[in-house]
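Participant: Structure, please.
(one chain, ligands or ions: 1)
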Amino acid sequence: MTGPIIAIDGPAGAGKSTVGRAVAERLGVGYLDTGAMYRAVTFAVLQRGIDPRDESAVLEVAGSVEMTVGEERVVVDGVDATGEIRGREVTSSVSFVAANPGVRSLLVEAQRAWVANRGGGVVEGRDIGTVVFPDADLKLFVTASPRVRAERRVAEAGGDVDEMEASIIERDRLDSTRATSPLAVDPAAVTLDTSDLGIHEVVAAVVAEVEARSVGGGR
Ligand code: DC
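Facilitator: As a prediction, this is how the structure comes out:
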């Protein structure tokens, strides 16, 4: 049986993961966080002492690393990297890895294989509706103001809101101006601004969207 493909894109800290996980659970399908894949490659790059800007060395890592990006845990070359892929070091280098066109094509291929194996699922990232699954059943663009996103990150992980806001603005700039698959809103995407909505309201809005399109019951 083939299930729906739901693409969720949007900038960092907008609430994509929370929305994606809740929608996947509600539909009884798998959930893939593609940002975690770029982070896992970055982790391996740093572990091997490679400069994240060295395109060919980074591509070699992406082609040889063994990684499992599961819904609960991320394992990289046999090491549980679930916590470390969210750390400062990986976060400050991941934009370089994500801008590497060779790495992107390897990971896009892996993302398509993941969906093909499961016959659908909820996939979250930056280029899912625009590049990876242009024929997704439902495309969502989840966003929120940089200030609100910074406040949410600080509430979760601590730190200074002004500094966090500045780093979010900088990461958005890098993600939306890179040459390969920049963060962009697909014309067919439904935009959800979560700045003034609680998570329950957001999930309710998405579920309503899914039901309106009847993409919950298979195709
Ligand atoms: O969503 P996140 O913060 O975990 O993403 C980590 C980085 O990977 C971020 O710089 C954006 C990039 N990314 C991407 O370029 N394409 C994706 N499909 C997912 C993430």
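
Participant: What residues does the residue nearest to the spatial centre of the chain make contact with?
Facilitator: Nearest to the mean C-alpha position of the chain, by Cα atoms, centre = their mean, lies Gly125 at 2.8 Å. Counting by Cβ atoms under 8 Å, 6 or more residues apart in numbering, Gly125 touches Ile8, Asp9, Asp33, Thr34, Gly35, Gln111, Val132. Where you see a C-beta, it was placed from the backbone N, CA and C, and this is true even at glycine.

Participant: Of these - the most surrounded one?
Facilitator: Highest neighbour count within those: Ile8, with 30 neighbours (other Cβ atoms under 10 Å).

Participant: any idea how far Thr91 lies from Ile85?
Facilitator: Distance from Thr91 to Ile85, counting by Cβ to Cβ, to the nearest Å: 9 Å.

Participant: So for the two, which residue has more residues nearby?
Facilitator: Ile85 (24 against 15).

Participant: close enough to count as contact, Asp193 and Leu140?
Facilitator: No: contact criterion Cβ atoms under 8 Å: Asp193 and Leu140 do not qualify, at 11.5 Å.

Participant: Of the two, which one has the most company?
Facilitator: Leu140 (29 against 15).

Participant: can I assume that one sits in a strand?
Facilitator: Yes: Leu140 forms part of a strand when assessed by DSSP: H, G, I helix; E, B strand; the rest coil.

Participant: which ones are touching it?
Facilitator: Here Leu140 is in contact with 6-10, 19, 129, 189-192, 206, 209 (criterion: Cβ under 8 Å, 6+ apart).

Participant: What values do phi and psi take at Gly120?
Facilitator: The phi and psi values for Gly120, taken as degrees, to the nearest 10, are phi 130, psi -170.

Participant: Phi, psi for the closest residue in space to Gly120 that isn't next to it in sequence please.
Facilitator: The shortest distance from Gly120 to any non-neighbouring residue, by Cβ to Cβ, 6 or more residues apart in numbering, is to Gly3 (3.1 Å). Backbone torsions of Gly3, given as degrees, to the nearest 10, read phi -100, psi -180.

Participant: any idea how far Gly3 is from the ligand?
Facilitator: Distance from Gly3 to the ligand, counting by Cβ to the nearest ligand atom, to the nearest Å: 20 Å.

Participant: surely Gln111 meets Met37?
Facilitator: Yes: applying Cβ under 8 Å, one finds Gln111 in contact with Met37, separated by 7.4 Å.

Participant: Which parts of this structure are helices?
Facilitator: 16-27, 34-47, 55-64, 88-98, 101-118, 146-157, 161-177, 199-213 (DSSP state H).

Participant: so which of those gets nearest Gly78?
Facilitator: Counting by Cβ to Cβ, Gly78 lies closest to helix 34-47 out of the helices of the chain; the figure is 11.1 Å.
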